[in-house]
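>>> Sequence first, predicted model second:
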Amino acid sequence: MRDLRGRGVCLIDVPGQLLHRRIISGSSGVITAPIRGVLFGLELIYGVGVRARNRYYDRFAAPTKIGVPVISVGNITTGGTGKTPFVIELIQRLDILGRSPAVVSRGYGSKGGAPNDETRLLGRHCPATPCVDDPDRIRGCETAHRRYGADVIVLDDAFQHRRIARDLDIVLIDATVPFGYGHLLPRGLLREPLRGLTRADVVVVTRCNHVSATALARIDDSLRSAAPGATLLHCDHSVIGFERTDGTPIADSPVGRRAIVFAGIGNPQAFVETVKMAGVDVVGTRFWRDHHRYRRSDIDALLTGRGFAPHDIMVTTEKDAVKLADIVGLDHANIVVVRAGIDFRDDGGTMLDDILERVVGHDEGDGQRQKPVDR
C-alpha cells in the first residue's frame with residue numbers, strides 16, 4: 001500500500017506493522033471496520049490471558065532476587081518508544097555514579113546466537129558495558145553478575161517480565177502514540193491494561209517535542225490518574241549528529257538536502273518527523289518491519305532511486321546501520337546515519353540522577369534497595 005503525497009512522488013510503503021496501525025487507528029476508514037471487529041474479539045481473548053498472568057504474579061508468585069540492584073526499562077505498548085537511546089543514557093548515568101552496569105535482554109530478533117541490533121548498537125556506544133541476550137533472563141542476569149562482575153542490572157524491555165524482582169521500574173510512553181489507541185493487542189498496541197502502570201516507579205514521556213503542549217498536558221493528566229505514585233519525567237528526542245554507517249562523523253551537513261528515509265524499526269513515522277525537525281528535506285520513505293535483516297537487494301533497490309523523487313542522500317537510523325555493516329561490498333557513500341539522543345525537560349535529568357543514587361547508591365545491603373519514596 002502506498003500513499004503519494006508532497007511535491008514530486010513521495011512513496012510511503014506500508015508493510016504489515018504499518019498497515020496494522022492504520023487499521024486500528026481508524027485512519028484506513030470504514031472499509032476496515034469488519035477487521036477491527038475481528039481484532040476486538042481477539043483482544044478479549046488476549047486480555048483474559050494478560051489479566052490472569054498479572055493476577056498470578058500479584059497474588060502468588062515470588063519474584064527471583066538477583067543479589068544486585070535491578071532496573072527494568074520497558075513499555076506498556078508495542079512499537080518504538082525510544083528505548084535504546086534511553087538505555088544508553090541510563091548506562092552513562094550509572095557509569096558516572098561509579099557503578100558497573102550490564103544490560104540483559106531476551107534477544108528478540110537475534111539469529112543463530114548472534115546479538116540483535118539493539119545489543120550491537122549498545123555495544124557501539126557503551127563498549128565497556130556487558131550486554132547479555134538470553135531468552136531465560138534469570139540466567140542472563142546471573143551471567144551478567146557472576147561472569148562479568150556487574151553490580152547493577154538493566155533489564156531491557158522487561159516491564160511485563162515479572163519473574164525477576166526489580167528495584168526500579170521505568171516505563172517509557174511515546175507521546176506520539178501514548179496509549180496504543182486505547183486497546184490491547186491486537187486491536188490496539190497495549191501490552192496490558194493501563195492500570196499496570198501502578199507498578200511503575202518512574203514514567204518517562206518520550207518524544208515530547210513531537211506533540212503540542214495541549215496534547216502533552218492531556219497525556220500527563222491520564223498518566224497521573226493511571227500511575228499516581230510514579231515520578232513523571234519528560235524528554236525530547238532530537239538529532240545530535242550525522243554519521244556514516246561505520247560510526248564516523250560526516251563532514252558535510254545533510255541539513256537542507258533532499259533525502260529518502262529508510263528503516264526497519266517499531267515507529268518509523270516518528271523517525272521521519274525527527275529527521276524533518278533536523279532540517280532534512282524528506283522526499284520519500286521505505287520501511288520494513290522491526291528487526292528486519294537487510295539483504296543486498298534491499299539496498300540496491302534504494303540506490304537505483306527508481307520510483308522516488310529526485311534526492312541527494314539516503315537517511316537511516318543507527319539501529320539499521322549496524323545491520324548494514326554485514327552487507328559485503330555495499331556502497332555506503334550515499335547513506336547518512338542519524339544519531340538520536342534524548343534531552344530531559346526541566347529538571348528531569350537531575351530527578352533521575354537522584355532516584356538512581358537512592359536505588360543503586362552506596363548501600364552495601366543484599367542488593368534489594370529501597371524504591372524512591374519522595375516522588
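Received the coordinates, thanks.
>>> measure Ala61 to Arg163 for me?
Distance of Ala61 to Arg163, given as CB to CB, to the nearest Å: 8 Å. For the C-beta atoms, the positions are set from N, CA and C on the backbone; glycine is no exception.
>>> Point to the residue nearest the middle of the chain.
Lys83 (3.2 Å; CA atoms, centre = their mean).
>>> Confirm for me that that one is in contact with Val154.
No. Lys83 is beyond contact range of Val154, at 10.9 Å (criterion: CB atoms under 8 Å).
>>> What score does the residue nearest to the centre of the chain have for pLDDT?
Lys83 carries a pLDDT value of 93.
>>> Kindly state the beta-bridge partners for the nearest residue to it once chain neighbours are set aside.
Nearest non-adjacent residue to Lys83, counting by CB to CB, 6 or more residues apart in numbering: Leu172, 5.7 Å away. The partner list for Leu172 in beta bridges (DSSP bridges) reads Asn75, Val204.
>>> Helices along the stretch 151-300 of the chain, start to end?
Here the stretch 151-300 of the chain has its helices, by DSSP state H, counting those that start in this stretch, at 213-226, 268-277, 296-304.
>>> Ok, which of those comes nearest Thr350?
Minimum separation from Thr350 across these (CB to CB) falls at helix 213-226, 19.0 Å.
>>> still on that earlier bit, tell me who's in contact with the residue nearest to the centre of the chain.
73-75, 156-157, 172 (CB atoms under 8 Å, 6 or more residues apart in numbering).
>>> Scan this structure for its longest strand.
Ranked by residue count under DSSP state E, the longest strand found in the chain is strand 231-243.
>>> Restricting to C-alpha, output it in PDB.
C-alpha atoms of strand 231-243 as PDB (Å, rounded to 0.1, in the frame of the first residue of the first chain):
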ATOM      1  CA  THR A 231       7.600  10.100  39.200                       C
ATOM      2  CA  LEU A 232       6.700  11.700  35.800                       C
ATOM      3  CA  LEU A 233       9.500  12.800  33.600                       C
ATOM      4  CA  HIS A 234       9.600  14.200  30.100                       C
ATOM      5  CA  CYS A 235      12.200  14.200  27.400                       C
ATOM      6  CA  ASP A 236      12.700  15.300  23.800                       C
ATOM      7  CA  HIS A 237      14.200  13.100  21.000                       C
ATOM      8  CA  SER A 238      16.300  15.000  18.600                       C
ATOM      9  CA  VAL A 239      19.200  14.600  16.200                       C
ATOM     10  CA  ILE A 240      22.600  15.000  17.900                       C
ATOM     11  CA  GLY A 241      24.800  14.200  14.900                       C
ATOM     12  CA  PHE A 242      25.100  12.600  11.500                       C
ATOM     13  CA  GLU A 243      27.400   9.700  10.700                       C
END
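>>> just the angle between that strand and helix 268-277, please?
Relative orientation of strand 231-243 with respect to helix 268-277: 60 degrees, computed using axes from the mean of the first three to the mean of the last three CA atoms, to 10 degrees.
>>> Distance from strand 231-243 to the middle of the chain?
Put simply, strand 231-243 sits 12 Å off its chain's centre (CA atoms, centre = their mean, to the nearest Å).
>>> helices or strands up against that strand?
Using 3 or more CB pairs under 8 Å, 6 or more residues apart in numbering; DSSP states H and E, the elements in contact with strand 231-243 are strand 202-206, helix 213-226, helix 268-277, strand 335-344, helix 348-360.
>>> Ok, which of these comes nearest Ser25?
Of the helices and strands packed on strand 231-243, the one closest to Ser25 (CB to CB) turns out to be helix 268-277, at 11.1 Å.
>>> So which other helices or strands are in contact with that closest one?
Packing partners of helix 268-277 (3+ CB pairs under 8 Å, 6+ apart): strand 231-243, strand 258-263, strand 281-287, strand 335-344.
>>> same thing but at 10 Å, please
Judged by 3 or more CB pairs under 10 Å, 6 or more residues apart in numbering; DSSP states H and E, helix 268-277 is in contact with strand 10-13, helix 16-25, strand 231-243, strand 258-263, strand 281-287, strand 313-317, strand 335-344.
>>> Check the ones you listed for me: which has the lowest mean pLDDT.
Lowest mean pLDDT within the helices and strands packed on helix 268-277: strand 10-13, a mean of 44.
>>> Give the burial count for the residue lying closest to Gly266 once chain neighbours are set aside, as a bare number.
Counting by CB to CB, 6+ apart, Gly266 lies nearest to Gly80, which is 3.3 Å off, once chain neighbours are set aside. Around Gly80 there are 25 other residues, counting by other CB atoms under 10 Å.
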